[in-house]
Each structure stands twice: as C-alpha cells, then as structure tokens.
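[1] give me the fold of what follows.
(one chain, ligands or ions: 1)
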Amino acid sequence: MSKISVLWDYQVLDMEVVKLQRAIVNSPKLQKLKKDREFLLAQQDVIKKIEDDVLNMSDRVAAIKVAIEMLDEQLKSYQTRLENDVPQNQDEARNLCNEVRKIARDIADFEKEARQIQKKAKDRTKQEYDVRIRAARVKQEFNELKDEYQPEQEQQKKELEIKKQKVVEKAKEVDPDLLKKYESIKPHAMPPLARLLGQQCGGCNMALPSVTLRQFDEGEKYLECSNCGRIIVRMEDEK
Ligand SMILES: [Zn+2]
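    Below is the predicted model of the structure:
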C-alpha cells in the first residue's frame, strides 16, 4: 500500500469525525435549545429594563408628590395671609389671586403627570407579567427538550470518541510528513485530499496545467493543486 493510499484511508476516517461533529452541531434539537436559551436570556434583559423603567417612574411620582405637598403648603400660606392680612388694594388682590391660580395650575399639571406615569407603570407591569409567562413557557419547553436531547447527545459523544480513536490509530500508519501536510491543508480546504478528475482538481475543479499533470506519468504519487493547495491523488484504477 502506497503512502498516499494510507493517507487516503486516513482521510476517510477523519472526514467521518468531521461529518459527525457537524451533525452534532447542526442537530435541530441542539439548535432549538440554543435558540430557546438566547430567547430566555433576552427576556431577562427585557424584564430588567421594565423593572428599571417602573422604578424610575415610581421615583418620579414620589418626587411629584413632594412637589405637590410643597405647593399645597404654599397655598395654605396664601390662605393664612388672606385671612390675617387682607389686601389693601385691587392690584395686591389681583397679584395674590394670580399667584394662587398659578399654584393651582401647577398642582393640576403635576397631578396629571403623576396619573399618566402611573398608567404607564401599570402597562409596563402588565407587560412584564406577559413576558414572564411567555418565558416560563419557553423555559419548560427548553427543559423538556434538554431531557430528551441528553441521551442522544451522550450517544453521539460516544460515537464521536470511537471515531476519533480510529483516526488516532490510523495516524500511526501515515507517513509523518504527509500527515503534517494534510493537517496544514485542512483548515482552509476540506477534505485536504482530492482525486484527479479528468484534468481537474477534484476539490476546487481548477484545471491543472499539463506540465503539472505530466508529473503523474513521471511517477509522482500525488500533486499539489496550485489553486486550493489540496493534495491531488490519481487513483490506481484511474491510470
Ligand atoms: Zn484545487
């Protein structure tokens, strides 16, 4: 068995590992679990935002209440002044009247704002409740799917370990320099070995120059594709 044939067999086993790894990552159940987890994390942020909003709103309402109390105090002081110190003329009476009116208007404005904020806070709290209900439902779905997926995942992991072990065993038979080359191609071209298809690289379909191809006839066991860097092999039966 030629060195390159051994490497080819190695690749077959190695690609089985890659295929299974991909299947695990792309498993619809795993994808759904990931999606659910992302959703649940996002809902935590949504809830936090609502709680912050509601807290800010209640702070504002508290501040408004203090402001209204102060205005009430002011109103009372005007009232006392009116009782004890009756305005001497029309101007004075009018000024006082305007002041009282202004304070009453400010109080009304504050009260309106407080009511609006309270309504908003109520809406936000309702929203939070809905978010929590929805998240709880997804969480339940997530837990059920996780329980369902776990044995599957364990089985896949076991299979993967067996396949990886086969690769490790086979690696011992492969020429070290070829293996090094194979591993260096793998990150950018998969699979690293390709067949010669007609006059093309079976990996990237690039036509190979005849001067390169001639090397096969001169006894080379493999070539390197100048386009994708793959090792190009001509199978024995294709000669
Ligand atoms: Zn190529």
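[2] could you use CA atoms for every contact and neighbour count after this?
    Fine.
[3] can you tell me how far residue 12 is from residue 223?
    To residue 223, residue 12 is 19 Å away according to C-alpha to C-alpha, to the nearest Å.
[4] who's more crowded, these two?
    residue 223 (20 against 14; other C-alpha atoms under 10 Å).
[5] what is the burial count for residue 40?
    Count around residue 40 with other C-alpha under 10 Å applied: 20.
[6] surely it and residue 137 touch.
    No. The criterion here is C-alpha atoms under 8 Å, and residue 40 misses it with residue 137 at 10.1 Å.
[7] for the ion, what are the nearby residues on the protein?
    The chain comes close to the ion at residues 201, 203-204, 225, 228, as judged by C-alpha under 5 Å from the ion.
[8] closest to the centroid, which residue in the chain?
    residue 38 (6.0 Å; C-alpha atoms, centre = their mean).
[9] in what helix or strand does that residue lie?
    Element membership of residue 38 [criterion: DSSP states H and E] is helix 28-84.
[10] next secondary structure after that helix?
    With DSSP H and E, the next secondary element past helix 28-84 is helix 90-171.
[11] quick one: average pLDDT of that next one?
    Here helix 90-171 scores 95 as its mean pLDDT.
[12] what separates it from the chain centre, distance-wise?
    Helix 90-171 has its C-alpha centroid displaced from the chain centroid by 17 Å (C-alpha atoms, centre = their mean, to the nearest Å).
[13] angle of it against helix 28-84?
    Put simply, helix 90-171 runs at 170 degrees to helix 28-84, going by axes from the mean of the first three to the mean of the last three C-alpha atoms, to 10 degrees.
[14] all further residue positions should be reported with the first residue as 25.
    That works, and once the first residue is 25, the last one we named lands at helix 114-195.
[15] can you check the pLDDT for residue 237?
    pLDDT, residue 237: 88.
[16] apart from its neighbours in sequence, what residue is nearest it?
    residue 223 (7.5 Å; C-alpha to C-alpha, 6 or more residues apart in numbering).
[17] what's near enough to touch that neighbour?
    231-232, 237 (C-alpha atoms under 8 Å, 6 or more residues apart in numbering).
[18] gap between it and residue 230?
    8 Å.
[19] burial check on the closest residue to residue 64 other than its chain neighbours, number of neighbours?
    Distance criterion C-alpha to C-alpha, 6+ apart; nearest residue to residue 64, sequence neighbours excluded, is residue 159 at 6.1 Å. For residue 159, the count of nearby residues is 19 (other C-alpha under 10 Å).
[20] that'll do, ta.
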